[in-house]
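*Asks:* could you look at this predicted model? Sequence included:
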Amino acid sequence: MKFEQLYADRARCMKTSAVREFFKLTEQPDVMSFAGGFPSADFFPMDKVNEVLSALIAEEGRFALQYGATEGYGKLRGYIAEKMTKEGAPCTAEQILITNGSQQGMDLVSKLFVNTGDVVLVEEPGYVGGLGAIYNYEADRVPIPLDDDGIRTDLLAACLRKLKLENRLPKFIYLVPNFQNPTGVCMSLERRRELLALARQYNFLILEDNPYGELRYEGEAIPSIKSMDTEGRVIYLGSFSKTFSPGIRVGWLMAEPEIIAKLSSAKGSTDLCSNSLGQRLAYRFAASGYIEKHVASLLPRYQERRDLMLDCMEKYFPPGVKWTRPQGGFFIWVTFPHGMSAHEILLKAIEQKVAFVDGAGFFVNDNGRNTARFSFSEASPDKIRKGIAILGEILEAEMAVACKKEKTA
Ligand SMILES: Cc1ncc(COP(=O)(O)O)c(C=O)c1O
């Protein structure tokens, strides 16, 4: 059967993510993969989960295996509201919607605010899942470049002036201010303030996605944009995926009650409710103070992997290759010399069972062909050492060929 003529117009925006397709290939156990942005399964607290799950089923199995409220499990909403308040963003449980991972928050916010052709501002490079969710609702995504201090607010201001003249002001901006995916950089406090001022001036919302903020290995934490928001202009997304487990699919969204009511209705028609078992498990872990302890135990382990990957890059990558030095999160962003194709390098690396993600998929307009994302969270220290050394050899060889070509040209 041919489906083409039956699809809705928006189906043309629904593209298979090259990144997600690629993960299938990296799942083989002997591959040295720096591709997935996954937490390390080695660090899941299996025994504790076993213990808490058994008690949960014995004590409240009738509810944990049942449908729940669309807005989320009441105790968990209350706990998150307290957590957000402690972190500087005062909030009540009515301002919290539990989502099926923070990914669902991006989808719901786009569903609520985006008409076909509406402008949504995004970071460039930006998180593939966010770019995709926004595009699925036929938004016109306008990319704003970032540097080591996060999104370039000077370029954002210039872009907004232009959009205003064209009568195309954005509905919202989507960004990951802490240990951004894919670059690992943090947005500076000054730029967070500038962004809020611009959002006020041009009247758009800010969708702040913060799944990595608690995974800081060094340096001072920077206040969230939400904590500086006095008008309800910021919609905040949080998640247990990186601090506990992505498999339970529990995230949250904080916004004004009026927005929560609309999003809840949108969510209801998508999935009725989030995973009752996962929410109750997350609540027991979080409310008992265990997640905090768990995160404290994750920090030195991820830091060790980050340090090792940075050291290996220093040791094995030839001059001319540049990379970021993230203070937290999972990602290092690598830039190869201009003219080199990250995709070509990836193909050669895969032949030797090493994988990373080439950067073009993180750009709206297919730029960034000489860039790549490396994740240090999942690979064992041995795989990091071996994989980066192999890549160093591939890069040396590629650069020698490029140099020869330049000389003969
Ligand atoms: C920036 C960013 N936001 C959101 C997500 C999705 O997280 P969740 O598992 O909470 O849906 C990810 C996952 O990699 C991510 O990197």
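*Replies:* Done, it's in. Numbering: from 1, shown residues only.
*Asks:* buried set for the helix or strand containing residue 400?
*Replies:* In the assignment (DSSP states H and E), residue 400 maps to helix 381-408. Neighbour-count burial for helix 381-408 flags 383-388, 390-392, 394-395, 398-399 (criterion: 16 or more other CB atoms under 10 Å). The C-beta positions use only the backbone N, C-alpha and C, and glycine is treated the same way.
*Asks:* make TSV out of the residues you listed and add distance to residue 275 and pLDDT.
*Replies:* Output for these, formatted as TSV (distance: CB to CB, whole Å; pLDDT from 0 to 100):
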residue	distance to residue 275	pLDDT
383	32	96
384	33	97
385	38	97
386	37	97
387	34	98
388	37	98
390	40	97
391	38	97
392	43	97
394	42	97
395	43	96
398	45	87
399	48	87
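*Asks:* what about the residue nearest to residue 215 when sequence neighbours are not counted, neighbour count?
*Replies:* Nearest residue to residue 215 in three dimensions, chain neighbours excluded: residue 328, at 4.9 Å (CB to CB, 6 or more residues apart in numbering). By other CB atoms under 10 Å, 22 other residues sit near residue 328.
*Asks:* residues touching residue 328, list them.
*Replies:* 178-179, 184, 186, 212-213, 215-219 (CB atoms under 8 Å, 6 or more residues apart in numbering).
*Asks:* what's downstream of the lengthiest strand in the chain, the next helix or strand?
*Replies:* Criterion DSSP state E: the longest strand present in the chain is strand 140-147. Sequence-wise, the next helix or strand downstream of strand 140-147 (DSSP H and E) is strand 150-151.
*Asks:* surely residue 84 touches residue 91?
*Replies:* Yes: the pair residue 84 / residue 91 is scored as a contact, 4.5 Å apart, by CB atoms under 8 Å.
*Asks:* so which of the two has more stuff around it?
*Replies:* Set residue 84 next to residue 91 and count neighbours by other CB under 10 Å: residue 84 wins out with 22 against 18.
*Asks:* can you report phi and psi for residue 367?
*Replies:* phi -80, psi -170 (degrees, to the nearest 10).
*Asks:* so who does it touch?
*Replies:* Per CB under 8 Å, 6+ apart, neighbours of residue 367: 124, 360.
*Asks:* what about it, distance to residue 335?
*Replies:* Remark: distance between residue 367 and residue 335 (CB to CB, to the nearest Å) = 12 Å.
*Asks:* ditto for residue 228
*Replies:* Look at residue 228 and residue 335: by CB to CB, they are 31 Å apart.
*Asks:* since that was my last question, I'll sign off now.
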